[in-house]
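Peer 1: Sequence plus the predicted model coming up.
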Amino acid sequence: MPLRLLLFILATAVVAPASARQFRIAASDLLADFITEPLQISGEEHSIEFRVDNIGSLPALERLRSDEIDLAIIAVPNNTDLPREEFRVFPFAYDVAVIAVNQSNPINEISLASLGGIFGANEESNYTTWGDLGLSGWGSRSIKTLAGQNDKSISLELFKFSVLRGGQMKTTVASVKDSELEGSLVSDAASIAILPRVPKSKEVKSLMISSEVDGPAFSPTEDNVHYGDYPIRLAFYVVYKERDEARAQKALRVLLNDDLAAALRGNNLVALPDTVRRKLTMDLDLGD
């Protein structure tokens, strides 16, 4: 056998298996950086080489349609249709905006409309004191509005989209570094803030939020966020072509594991509730 042909055969034997194990993902640039490293580490344990591209959701879908990738993770705003007729779709994670106040503040829940009146510049209502919201004993206290400043978070944009319908914030809303927000709430009992996460301080509490003025209010727990009861959220979904079911399910098992969930939580994102992840993984195992 000619030496050149022998070298070609050997090279093919080495390259082909590695290529077969590679799995191409295009993930929303809102979370790609947070999951790439843990995904690659977990992939090694399952003999999968993950290649993750950080791009927008619409370009990711186009690349999936043109077979340039095997799976996409896309951001889907509330009241937006999912491409279920075209792809297989699974929930993956969520981003939220949390509204928090000082623990001593008697308010525990608030509606989206009231939040608009507090923070919005062009809303029907304009609330400037806690008395405007009917808080007994707090009638003369002015509402001090705060918004978290973090280049890696979209909580403000999410708040504007969900609460203000894309409108503008009042010029009186103070921009504060995320790392200093809870301290500001602790030092000023009359303040209210938009945070990218549930507060950690026991002296600060997150408010339950209702979509309707007289409707039920929900706190930003993983269950309430996942089932759509907490209204200020942005959902991320895993999508892939049905013909790629077998390969995609192997990747999906990794995406649903504890390490990926911990990475999401560690970067102010909301992972699927553990019971939901376990159920989805069990369904994948039963489908084999």
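Peer 2: Received it, and whenever you're ready, just let me know what you need.
Peer 1: Output the below-cut-off pLDDT ranges for the stretch 1-150 of the chain.
Peer 2: Low-confidence regions of the stretch 1-150 of the chain, defined by pLDDT under 70, span residues 1-20.
Peer 1: in it, which spans are strands?
Peer 2: 22-28, 49-55, 71-77, 88-96, 98-102, 109-111, 144-149 (DSSP state E, counting those that start in this stretch).
Peer 1: Nearest to residue 285 among the ones you listed would be which one?
Peer 2: With C-beta to C-beta as the measure, strand 88-96 is the member of those nearest residue 285 (14.5 Å). (Glycine included, C-beta is placed from N, CA and C.)
Peer 1: neighbouring strands for that closest one, and are they parallel or not?
Peer 2: Strand 88-96 has its sheet partners listed here by DSSP bridges as strand 233-240 (antiparallel), strand 270-271 (antiparallel).
Peer 1: Quick check: buried residues in that strand?
Peer 2: 88-96 (16 or more other C-beta atoms under 10 Å).
Peer 1: try stretch 147-155
Peer 2: By 16+ other C-beta under 10 Å, the buried positions in stretch 147-155 come out as 147-148, 150, 153-155.
Peer 1: Which strand residues bridge residue 217?
Peer 2: The partner list for residue 217 in beta bridges (DSSP bridges) reads residue 210.
Peer 1: shouldn't it be in contact with residue 229?
Peer 2: No - Residue 217 is not in contact with residue 229 according to C-beta atoms under 8 Å; the separation is 9.1 Å.
Peer 1: For the stretch 101-250 of the chain, which segments are assigned as helices?
Peer 2: Secondary structure of the stretch 101-250 of the chain (DSSP state H, counting those that start in this stretch): helices located at 112-119, 155-162, 178-187, 222-226, 245-255.
Peer 1: so which of the ones you listed gets nearest residue 100?
Peer 2: Taking C-beta to C-beta as the criterion, helix 178-187 is the member of the helices of the stretch 101-250 of the chain that comes nearest to residue 100, at 6.0 Å.
Peer 1: Okay, buried residues for that closest one please.
Peer 2: So for helix 178-187, counting by 16+ other C-beta under 10 Å, buried means 178, 181-182, 184-186.
Peer 1: okay, now the domains of the chain?
Peer 2: Using automatic domain parsing, the domain parsing of the chain gives 3-94+236-286, 98-226.
Peer 1: how much space is there between residue 134 and residue 106?
Peer 2: Between residue 134 and residue 106 the distance, using C-beta to C-beta, to the nearest Å, works out to 10 Å.
Peer 1: Over to residue 35?
Peer 2: Using C-beta to C-beta, one gets 40 Å for the distance from residue 35 to residue 106.
Peer 1: One more: residue 24?
Peer 2: Here residue 24 is placed at a distance of 53 Å from residue 106 (C-beta to C-beta).
Peer 1: out of those two, which sits in the busier spot?
Peer 2: Remark: of residue 24 and residue 106, residue 24 carries more neighbours, 18 against 10, as counted by other C-beta atoms under 10 Å.
Peer 1: give the contact list for the more buried one.
Peer 2: For residue 24, the contacting residues are 51, 53, 68-71, taking C-beta atoms under 8 Å, 6 or more residues apart in numbering as the criterion.
Peer 1: For PyMOL, write the selection for the buried entries among those.
Peer 2: Typed into PyMOL, the next command selects the buried ones out of those (criterion: 16+ other C-beta under 10 Å):
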select buried, resi 53+69+70+71
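Peer 1: between the contacts of residue 24, which is closest to residue 268?
Peer 2: Top of the list for closeness to residue 268, among the contacts of residue 24 and by C-beta to C-beta, is residue 53 at 22.4 Å.
Peer 1: ok, the closest one touching residue 27?
Peer 2: Yes - in this structure, residue 53 is within contact of residue 27 by C-beta under 8 Å, at 7.2 Å.
Peer 1: Return every residue with contacts to both of those two.
Peer 2: Jointly contacting residue 53 and residue 27 under the rule C-beta under 8 Å, 6+ apart are residue 60.
Peer 1: Need the max-distance pair from the buried residues of stretch 147-155.
Peer 2: The largest separation in these, counting by C-beta to C-beta, is between 147 and 154 at 12.4 Å.
Peer 1: if we can go back for a sec, between the buried residues of stretch 147-155, which is closest to residue 236?
Peer 2: Distance to residue 236, by C-beta to C-beta, is smallest for residue 154 among the buried residues of stretch 147-155, at 11.8 Å.
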